[in-house]
Each structure stands twice: as C-alpha cells, then as structure tokens.
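Engineer: With the sequence up front, the predicted model follows.
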2 protein chains.
Amino acid sequence: MAGLNQLQRQTGVALWRQIADRIRDAISAGAYDETGMVPPETNLALQFGVNRHTVRSALAALAQEGIVRAVQGRGTLIERKERLNFPITRRTRFTAGIGAQAREMRGLLLDHAEERADADVARWLRLRPGTAVIRLETLRLADKRPVSCATTWFPADRFAGIDEVYRKTESITKAFAELGLPDYVRATTEITAAHADSHDISTLELTPGAILLIAKAMNTDLDGVPVQYSISRFAADRVQFTIEN
Amino acid sequence: MAGLNQLQRQTGVALWRQIADRIRDAISAGAYDETGMVPPETNLALQFGVNRHTVRSALAALAQEGIVRAVQGRGTLIERKERLNFPITRRTRFTAGIGAQAREMRGLLLDHAEERADADVARWLRLRPGTAVIRLETLRLADKRPVSCATTWFPADRFAGIDEVYRKTESITKAFAELGLPDYVRATTEITAAHADSHDISTLELTPGAILLIAKAMNTDLDGVPVQYSISRFAADRVQFTIEN
DNA sequence: TATGGTTGTCTATATCAATAGACATTTAAA
DNA sequence: TTTAAATGTCTATTGATATAGACAACCATA
C-alpha cells in the first residue's frame, strides 16, 4: 500500500485537491475493485495524515465529477472508472479506434472558419504561410461523455465545404470519403501533456487542475501529401494512447 | 494572444500556481522568444485579471524552479525553455533519441532487485506469473536535469547481472549488447498522463501538481521475444513524444 | 432492537491565498 | 542628470484552506 503522508503543503495546490487527484488515479488503477468502494473517510484521513474534513472536501470534488457517490451509513461508492484506449498507428482513425469500446460515438462541430495558415499550420500542412485553410473546432463524445476536443485544419482549395460534410457525417474519415479522398494515413503524431485551460475545462466537463493529453497529428493522402493537421486535447483521466510498432 | 481571465477560482489550485503553469507553458511554446523576457508584472496582472502580488508569487515559483530570473529595474529574464523531443519508433532508444538534443546524457541506477513477476509484468513479458525477473529503478538526466525515472523489468534467466552492467554503462542498449543482445526493437508503447506523486516529485525535482507523461513500453529481440518491460515517468513540461508512422 | 461503523452537519480557530495601496530601489534611455 | 519603467518591500484586509472536536443521522448486521 502506498499511503503515508506524501502530500505537499504550501505549494499552491490545496491538500483536498491533491487527495482528490490521488484517489481518482487509484480508482482508475483499480485499487478499490474488490469492494467497489473508497475506504472510509477516517481511514483515508489517517492514511494521508490530514483531518477528516479535508478528505471530505476531496471526496465532495470527486462526487461532483460523478466518479464516486457517498451514501450515509454505508460508505462512498465508485460510480465510474473507465479509461478508453486510443491506438496510434499508420491507420489511426478516431471513431473506429475508440468505437469498439463505446456504444455510441459522436463528433460535434462546435465552430468553423476559413482563414490564412499561420507559420505552424503552414509548416505541418507543407503550405506557404497565408494559404487559405479551413479550421474546424470539434468535440468528440463516447457514450455522451466528452473524450476530446480538437482544432483541425484542412487545405481550403482541396476540401471546400468540409465543415458542412463533417457536421452531417460526424466523422473525418467519412467527410474525406465524400470529398473524394477514400483513404489516408497518419504521418506524424506529437504528444505532450498540460493543464487544461478554462475553455477545455468547460467543453470537456473537467475540473480545474485536470490534465490534458495533447496530440498534434498530421495525416497525408496515399501520395504523402498532407491533407489534415489537428491539435486534439484529450481528458487524460479518460484515455490512453497505444503505439504498436 | 491568449490571456484574458481564463483562471479558475476556488478550485483547490491557487491562482499563483495556475499562472505559473501558464507562463511555464508559454515559455516552452516560445511565446516570449523575441525579447527573451517575460512581460512586466503589471502587464501580466492585467492580462490574467489578478493583482500584481499574485503574479509575483507565480514568478517567484518559476524563479525557484530556475526557469526565470528577475532583475530589478530591467525585467524578468527567461533562463531555460527547452522541451526535449523523444521519438517513439520501432528503434526507440532513450539515450540515442534524446542524445542529440543535450550535451550530456546519464542514466543512474537508483535501486534494483530480483523478484517474481506479478500479473502485469508477466503479461507484458509473456512469462508465467511468478517467473524470476530483475527490476531496475533508474533516473535519466539530460545535462544534469532529470528527465524521467523508470521501473524496468527483464527476464532474470536471460539477463542475469544486468543491474551491474547498467550501473557501469548507464544505458540499456549498451547493457543488452554486453549481455549478448546486439539489437532489439520497440514492440508496444502505452502513453497516459497523471499527476506526479511525492516520490516522483522529489526524484524528478518537480513541483506538486506537476504532470507526468507515463510510457509503458515493451521491447523484443529480433525474433519477437520480449526482453524488457518498463514504466517510464517523464516530466511533462520537459519532454514531448513524437510518433512517426 | 441494539450496536458498531459510516457519512452528514455544526462551531471555532489558525494559517494560507488574494487584493489593495503606497513607496523604495534599480536599470536603461532620453 | 533626469525620467520612465521595471522589480522589491511593506502594511492592512478579506476570503479560502486546514485543523479540531462534538454530535446527529443512517445503514447493515448480530
């Protein structure tokens, strides 16, 4: 058992939030699978070396997230512990990749615009800066639960109207197919992690301090010509990436 | 420019720490490369919608980390902004992968033991649970700066004494070579993110609330037989992963 | 129905976090 | 040398965080 008093004080992160993060991670790791319950508040307080009220603040935050539910007289039940697997291969597709692990997959178009490529977008899409590109802001849900939100750019001349097609099909793969691109491959993926900002906190229904896995990805057609550059922000406690070489 | 008042209040994460995280990310992203300095405290206070003292707390924390240095009368200078790139391919090697981006690479052996494979280790190494394995706890540094710490398991019969060889060579690749395995390939990598626990906070010299990128990886010999399973914990603000397909 | 174990609620107190304002000190440039 | 702009320091006040203790309410079970 881990436990002990591994908490840090006076660091700008409240003890109750550190404890909430620990318990959330422990639930994800299956530490309490035997009982399906979190240990009693007094036990946790002893384990973390804090007052019971501090533990209660942590559990209240997890209850707010829908991860646990406290029942007076019985204990604190675990409501949810899943983590979706997202394979990254040459044939990475979001909907197909996650699809088998959820009953319902959706991709919502939050916003779109035609604009000029800045230096970063131009470099990834191998265009001249200033070339017209279409930007989509999308939100992906698995079983009505937000998984990631993404900003995606396409060359405007080749994929005119992709916003409307995406809104209809809710899938990049299907949108490409309708616009005359039957197949494409993942060329490059860059993965980083960061704290969620307020925009992502609200769209992904996260709590402040939550972690994002950020994937910058570039897809090409079968001739190696870039067709899509995207920055996807995943709720780190809901997904993992797998790379098979 | 981003900015605005995207900060969250009453969430258990102090404003000064949220601001410190933002500024650290902005520095990493190269937002202040033109001047090599962070904007003046009064500007930042306006941008984040907080009191100047709050910004000063954030900058003090970054100074403590050695990322910035305040000079009275001039401004706050950026001392360090690197983010190492770690390519994940079939031929992923830590030292060679990071090596070109740092002057000095080291791999320290913190601890080692021979033990029985638990269910997780046995599954990844394709052994029967209970088979003897060697576990190494290692810390990797780039230019004396901690990058990641890792727990690594090897089949004990095939790689007896790898702890001593690793301590000498400070490299898995070299240790394998000395033990009669001239080449190996990366078979699978799983990437997740989580908050750092107190152990990793101290070994990686992080601040509480810091993010880890966690890579579970399995390497095989050229016949596809697993030779190594490792769980590496990277300081997320110091590295990014790249997957080329 | 009685009991032990659990969560829920209340009061009180001390410390940290954040705001507000004023002014000193240092640097670079006019 | 003056000035503007920047960081450094101090006091004071308010709200959030954490501790402490006591007791109520509820559940499962002996």
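Structural biologist: In hand now; what should we look at?
Engineer: looking at chain A, which helix or strand does the model trust least?
Structural biologist: helix A:94-99 (a mean of 70; mean pLDDT, DSSP states H and E).
Engineer: Mind giving me the packing neighbours of whichever helix or strand comes after that helix?
Structural biologist: Sequence order places strand A:105-116 as the next helix or strand after helix A:94-99, per DSSP states H and E. Under the contact definition 3 or more CB pairs under 8 Å, 6 or more residues apart in numbering or on different chains; DSSP states H and E, strand A:105-116 sits against helix A:94-99, strand A:132-142, helix A:162-169. (Glycine included, C-beta is placed from N, CA and C.)
Engineer: Make CSV from these and add distance to chain B and mean neighbour count to it.
Structural biologist: What follows is the helices and strands packed on strand A:105-116, written out as CSV (distance: least, CB to the nearest CB, whole Å; neighbours: other CB atoms under 10 Å in any protein chain shown):
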stretch, distance to chain B, mean neighbour count
helix A:94-99, 14, 17
strand A:132-142, 15, 20
helix A:162-169, 23, 18
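Engineer: For DNA strand D, which of these is the nearest?
Structural biologist: Closest approach to DNA strand D among those (CB to the nearest atom of the strand): strand A:132-142, 28.2 Å.
Engineer: What residues does A:F94 make contact with?
Structural biologist: Applying CB atoms under 8 Å, 6 or more residues apart in numbering or on different chains, we find A:F94 in contact with A:86, A:107, A:140, A:171-172.
Engineer: which parts of chain A sit against DNA strand C?
Structural biologist: A:10-12, A:38, A:40-43, A:53, A:56, A:59, A:70-76 (CB under 7 Å from any atom of the strand).
Engineer: Please convert the buried members of these into PyMOL selection syntax.
Structural biologist: In PyMOL, selecting the buried portion of these, with burial taken from 16 or more other CB atoms under 10 Å in any protein chain shown, looks like this:
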select buried, chain A and resi 11+12+38+41+56+59+70+75+76
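Engineer: now, which of the residues of chain A next to DNA strand C lie within strands?
Structural biologist: A:38, A:70-71, A:75-76 (DSSP state E).
Engineer: gap between the residue of chain A found nearest DNA strand D and A:E79?
Structural biologist: In chain A, the residue that lies nearest DNA strand D is A:G73 (2.4 Å; CB to the nearest atom of the strand). Using CB to CB, to the nearest Å, one gets 18 Å for the distance from A:G73 to A:E79.
Engineer: Adding distance to B:W153, write the helices and strands packed on strand A:105-116 out as JSON lines.
Structural biologist: JSON lines is the format used below for the helices and strands packed on strand A:105-116 (distance: least, CB to CB, whole Å):
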{"stretch": "helix A:94-99", "distance to B:W153": "28"}
{"stretch": "strand A:132-142", "distance to B:W153": "32"}
{"stretch": "helix A:162-169", "distance to B:W153": "44"}
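Engineer: quick one: which of these is nearest A:E114?
Structural biologist: strand A:132-142 (5.4 Å; CB to CB).
Engineer: that older thread, how about the helices and strands packed on strand A:105-116, which one is nearest B:Y32?
Structural biologist: Smallest distance to B:Y32 across those (CB to CB): 25.1 Å, for strand A:132-142.
Engineer: can you give me the helices for chain A?
Structural biologist: For chain A, the helices defined by DSSP state H cover A:15-28, A:41-48, A:52-64, A:94-99, A:119-125, A:162-169, A:172-178, A:198-203.
Engineer: Quote the end-to-end distance of stretch A:182-202.
Structural biologist: End-to-end span of stretch A:182-202 (CA to CA, to the nearest Å): 35 Å.
Engineer: Please report phi then psi for the residue lying farthest from the centre of chain A.
Structural biologist: Going by CA atoms, centre = their mean, the residue of chain A most distant from its centre is A:G73, 35.3 Å out. When quoted as degrees, to the nearest 10, the phi and psi of A:G73 stand at phi 90, psi -20.
Engineer: Buried residues, stretch A:24-44. List them.
Structural biologist: Under 16+ other CB under 10 Å, the buried positions of stretch A:24-44 are A:24, A:27-28, A:31-32, A:38-39, A:41, A:44.
Engineer: What's the end-to-end length of it?
Structural biologist: Span of stretch A:24-44 from end to end, CA to CA: 13 Å.
Engineer: for stretch A:120-140, same thing?
Structural biologist: Terminal residues of stretch A:120-140 lie 24 Å apart, using CA to CA.
Engineer: Kindly report the residues of chain A close to DNA strand D.
Structural biologist: A:14-17, A:49-51, A:53-54, A:57, A:71-74.
Engineer: filter those residues by proximity to chain B?
Structural biologist: Restricting the residues of chain A next to DNA strand D to those near chain B by CB under 8 Å from any CB of the partner chain leaves A:14, A:16-17, A:57.
Engineer: For PyMOL, write the select line for the buried members of these.
Structural biologist: Here is the PyMOL command that selects only those of those that count as buried (16+ other CB under 10 Å):
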select buried, chain A and resi 14+16+17+57
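Engineer: number of nearby residues for A:A150?
Structural biologist: For A:A150, the count of nearby residues is 21 (other CB atoms under 10 Å in any protein chain shown).
Engineer: Determine which two of the ones in strands among the residues of chain A next to DNA strand C are furthest apart.
Structural biologist: So, those by CB to CB: farthest apart are A:V38 and A:V71, at 11.3 Å.
Engineer: shared neighbours of these two, anything?
Structural biologist: With CB under 8 Å, 6+ apart as the test, A:V38 and A:V71 both reach A:L77.
Engineer: Flag the shaky bits of chain A, pLDDT-wise.
Structural biologist: A:1-10, A:82, A:97-100, A:102-104, A:143, A:208-209, A:245 (pLDDT under 70).
Engineer: quick one, what contacts A:I172?
Structural biologist: Contacts of A:I172 by CB under 8 Å, 6+ apart are A:93-94, A:107, A:152, A:166, A:228.
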